[in-house]
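Asker: Pasting a predicted model and its sequence here:
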Amino acid sequence: MIDINFVRENPDLVAKGSMQKGIKVDIGKLLILDEHRRDLLNQIDSVRQERNQVAQASSGKKPDTEQQARGQQLKAKLTQLESDFKEADKDFLKLLRAVPNMPLEDVPIGDSEDENVVYKTGGNPPQFSFTPLSHQEIGEKLDLIDKVRAAKIAGSRFVYLKADLVRLQFAIIAFVINELGNKEVIAKLIADNHLNIPNHPFVPVLPPALLKTAPYEASARLNAEETTYKIEQDDLWLNASAEHTLCTMFMDEVLPKDELPLRFIGYSTSFRREAGSYGKDFEGILRLHQFDKLEMEVFSTAESGLEEHKLLVAIQEHLVSSLGLPYQIMNKCTFDIGKPNARGVDINTWFPSQQLYRETHSADYLTDYQTRDLKIRTRSDNNKLELVHTNDATAFAFSRILAAIMENYQDQDGHFNVPPVLVPYLGGQVKI
RNA sequence: GGAGAGGUACCGAAGUGGUCGUAACGGGGCGGUCUCGAAAACCGCUGUACGGGCAACUGUACCGAGGGUUCGAAUCCCUCCCUCUCCGCCA
C-alpha cells in the first residue's frame, strides 16, 4: 500500500496519479478517515494512560473502592473507544489499500491500452510458403495437446500437455535456470544496458503453490473476484503466479543490506479463475485456468530498484531472442500498468496464426508498495530501517511460450523445429 | 488424525495476576578504559510501530495471532496458527 504520510502531504498528486491510472479513489474521504482514526487513537492513548496510573497507584495492595470505581469507568470508556477505533481503522485501511502506487515520471500517460508505447521490435515474423496452422491444430495433429479429455476431467480452460511438448517445457526450464544462474550472463546484460548494479545470479526456487489470506492481502496481489481460487475448508488461496509466494517470502524480515539485491527464479503452477474473460481465447492454450510459469523476483534497495527493473526487461529480451522468437517491447501506459505498479513493461511475441503480437511477458516495478504492508526492510548505512523495493517479471509463461514456438517454428509437414538453443537440452533432437 | 512439549528482545533463556517491555541471567553487537596493536579484563550502551512536540522530549502498544476475565495479564480462560517428539496415515 501507499504511504499515508505521502498522501497527507501530497493529496493532489495522489489524486492525479490515481486518475491517470483510471482508478477511482476518494482522497478527501481517506484523509477524513485518517483524521478520525488518529483522533480516536489519541483518546484511547490518554484513557490507557490514566488506567495505567490507577493500576500503578494501587499496585501491590488491594485497590480502594474509589480506585476500583474509577478503573471500572475507564474500562467502559476504553471498550467503547476501542470498538469505535477498530471500525474506523478497518474503513481507513480498506480505502488506503485501494489507493494505487504512483506511476514513475517516464510512464506514458494514457486512458486505454492503445496508449502503450512499443519502443523496440526484435526478430522478423517468419514467412511461410503455406498457410500457417494454429498451435492448437499442430498440437492436435501431433497428439501434444488434449483439451477434450481435460474438459471431461476438469472443465474448460484445462489441458493435457503430452510427449515432446512436455520435454520441450523441461528443456526451457533447464535453459532458463542455467542462464540466470550464470554470473557472466547477468554481468554482460548489466554492462550492455549501462546499469550499475551487482551481477548476483538468480537462485532457483520451487515455492509453495498456496498461501494464506494475510500475506496475500499484504502483497497487493489478491484478486478474489476475478482471478484467485480459494480453498474453502482452509485459510488458503491457490497462487496466481509464483510471484505471489516469492514476494511474500521475506514478510516481517529485515534483509542484510550487503546481500541485496536478492534475485530469484521461481517455478510454479499458477491458477486463475479468468472470471472476466468468458469467450476470450478459447482456442488453444493461451488462456488456461492452470499453467506453469518461470518467474523472476528481485528484492533490492530503493536506489537500485529502477535499474533492477531495466535488468529484468533486458533478461526477458535476452531469453525471448535466444529462442529466436519475433517480439516487441512495450512501455505500458498509466492505465495499463496496474494498481501496485510504478512502471510496467510488456514483451509481446509474434503468433503467426493470429498475425498478432500477443502478451507473453510482463515486468513490474512495485517500488515499496508491497513491502510497506509486508514489512520487508533493510538497514540503511546510518542504521535506519528502510523499505526494500520489489520487482517481478516473467521469464517464461508456459503454455503461451510453447504455443509461440509451435507456431513460429512450424513446417509444411505439420511438425515444428526445436529452437537451436534448446537442442542440447533435448538430447540433440531438432524437430518435434 | 491421536498423545505430549513448546512459541518471551539479535541468539539462548528466566519470569505463572500488581514497581512498570529494553523485560533477570548468559552470549553476541556497538562505544570506552587499558595496549605499539590485538586478546583478556573492566565500564557503559543495545528493539519496533503509531501518536503529540520546532526540539530536548513525551504518550501508547507490542512476551506466536485474535478474543475474554480483572481496578490491573507475559502470567488465568477460549479459539486459531506455527515448531518439536511419539503414534497413525501417506509420496
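Answerer: Looks like it came in fine.
Asker: Before we move on, what's the pLDDT of the residue in the stretch 201-350 of chain A positioned nearest to RNA strand B?
Answerer: Going by Cβ to the nearest atom of the strand, RNA strand B is nearest to residue A:235 of the stretch 201-350 of chain A, at 6.8 Å. Just so you know, the C-beta spots here come from the backbone N, C-alpha and C atoms, and that holds for glycine as well. Turning to residue A:235, the model gives it a pLDDT of 85.
Asker: cool, residue A:59 as well?
Answerer: 64.
Asker: ok, residue A:101 to residue A:197 distance?
Answerer: Using Cβ to Cβ, to the nearest Å, residue A:101 is found at 22 Å from residue A:197.
Asker: Hmm, I typed the wrong one, I wanted residue A:374.
Answerer: Separation of residue A:374 from residue A:197 (Cβ to Cβ): 22 Å.
Asker: ok, the nearest residue to residue A:246 once chain neighbours are set aside - contacts?
Answerer: The shortest distance from residue A:246 to any non-neighbouring residue, by Cβ to Cβ, 6 or more residues apart in numbering, is to residue A:297 (3.9 Å). Residues in contact with residue A:297 (Cβ atoms under 8 Å, 6 or more residues apart in numbering) are A:242-243, A:246-247, A:263-264, A:266, A:390-392.
Asker: same thing with residue A:432?
Answerer: Counting by Cβ under 8 Å, 6+ apart, residue A:432 touches A:142, A:144, A:164-165, A:168, A:415-418.
Asker: Run a quick neighbour tally on residue A:412.
Answerer: By the measure other Cβ atoms under 10 Å, the count of residues near residue A:412 is 10.
Asker: surely it meets residue A:130?
Answerer: Yes - with contact defined as Cβ atoms under 8 Å, residue A:412 counts as touching residue A:130 (4.9 Å).
Asker: Could you check how far whichever residue of chain A sits closest to RNA strand B is from residue A:274?
Answerer: With Cβ to the nearest atom of the strand as the measure, residue A:71 is the residue of chain A nearest to RNA strand B, at 2.3 Å. For residue A:71, the distance to residue A:274 (Cβ to Cβ) stands at 57 Å.
Asker: Show me which residues of the stretch 201-350 of chain A sit near RNA strand B.
Answerer: Residues of the stretch 201-350 of chain A lying near RNA strand B by Cβ under 7 Å from any atom of the strand: residue A:235.
Asker: Sketch out the strands for the stretch 201-350 of chain A, chain order is fine.
Answerer: Shown for the stretch 201-350 of chain A, the strands assigned by DSSP state E, counting those that start in this stretch span residues A:203-205, A:210-211, A:230-231, A:236-238, A:254-255, A:262-271, A:290-300, A:327-331, A:343-351.
Asker: With only the CA atoms kept, save the longest one in PDB.
Answerer: Coordinates of the C-alpha atoms in strand A:290-300 are reproduced here as PDB (Å, rounded to 0.1, in the frame of the first residue of the first chain):
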ATOM      1  CA  GLN A 290      -3.800 -23.700 -14.800                       C
ATOM      2  CA  PHE A 291      -0.400 -23.100 -16.300                       C
ATOM      3  CA  ASP A 292       3.200 -23.300 -15.300                       C
ATOM      4  CA  LYS A 293       5.400 -20.300 -15.100                       C
ATOM      5  CA  LEU A 294       9.000 -19.300 -14.500                       C
ATOM      6  CA  GLU A 295       9.000 -16.000 -12.700                       C
ATOM      7  CA  MET A 296      11.800 -13.700 -11.600                       C
ATOM      8  CA  GLU A 297      11.600 -11.800  -8.300                       C
ATOM      9  CA  VAL A 298      14.100  -9.200  -7.100                       C
ATOM     10  CA  PHE A 299      14.400  -7.600  -3.700                       C
ATOM     11  CA  SER A 300      16.600  -4.500  -3.800                       C
END
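Asker: strand partners of it, parallel vs antiparallel please.
Answerer: Neighbouring strands of strand A:290-300 in its sheet, by DSSP bridges, are strand A:262-271 (antiparallel), strand A:389-397 (antiparallel).
Asker: Mind giving me the packing neighbours of the helix or strand containing residue A:46?
Answerer: Element membership of residue A:46 [criterion: DSSP states H and E] is helix A:27-57. Helix A:27-57 sits against helix A:4-9, helix A:11-20, helix A:65-98, with contacts defined as 3 or more Cβ pairs under 8 Å, 6 or more residues apart in numbering; DSSP states H and E.
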